[in-house]
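Student: Need coordinates for the below:
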Amino acid sequence: MGLLGSVVSPAPLPDITLITKFDINICLAVLTLRLVWQFVIVLSLVNREAGNLHWEMLCSRLWLQTPSGPRDDQPRLCLWWWVLLLVVLYILKEMFLDISSLWVGLLPFFAEPAGYAFDTVVGSPSGLAVLVALGILSP
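Tutor: Okay, the predicted model is just below:
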């Protein structure tokens, strides 16, 4: 997995200063292939250990249990509604709310300094060099 992320993924990139959206899509495709490969490995290991891939066995092996209450430790299906509620709230926040302007309006010291926006940093060659040096991006 490490070789796919640090060697194969950035291999088609010509130069760190000339990255295009197409190159980024190639890197994302390779990273997606890594996840698919990891899924195949997990399924093959579980099949080898347990001998089958029935849903009940997968749930027990991969710790996919129903959430339980804190007091009685009994499984409760109604606790899944909290997950659904949080997912819906997150989607609504991402679609309709601009949290950054709310934070800056209430607490002005949370304002982003000029020239330090992520797209500005990634858009400059020196910013890309810093991200590569920190190991956030691969060359």
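
Student: buried sites along stretch 53-60?
Tutor: Of the residues in stretch 53-60, those buried by neighbour count under the rule 16 or more other Cβ atoms under 10 Å are Leu58. In short, each C-beta sits where N, CA and C put it, glycine included.

Student: so where's the longest helix in this structure?
Tutor: Across the chain, the longest stretch assigned as helix under DSSP state H is helix 21-50.

Student: Quick one: mean pLDDT over it.
Tutor: In this model, helix 21-50 has an average pLDDT of 83.

Student: Also stretch 53-64?
Tutor: Stretch 53-64 comes out at a mean pLDDT of 85.

Student: Number the residues from 362 up from this point.
Tutor: All set: I'll call the first residue 362, so the last point we hit is now stretch 414-425.

Student: What are the contacting residues of that stretch?
Tutor: Outside of stretch 414-425, the residues that reach it under the criterion Cβ atoms under 8 Å, 6 or more residues apart in numbering are 403-404, 407-408, 410-411, 426.

Student: so what's the closest residue to Leu438 other than its chain neighbours up against?
Tutor: The shortest distance from Leu438 to any residue other than its chain neighbours is 5.9 Å, reached at Thr427 (Cβ to Cβ, 6 or more residues apart in numbering). For Thr427, the contacting residues are 436-438, 440-441, taking Cβ under 8 Å, 6+ apart as the criterion.

Student: In the contacts of stretch 414-425, which residue is surrounded by the most others?
Tutor: Neighbour count (other Cβ atoms under 10 Å) singles out Val407 as the most crowded of the contacts of stretch 414-425, with 16 neighbours.
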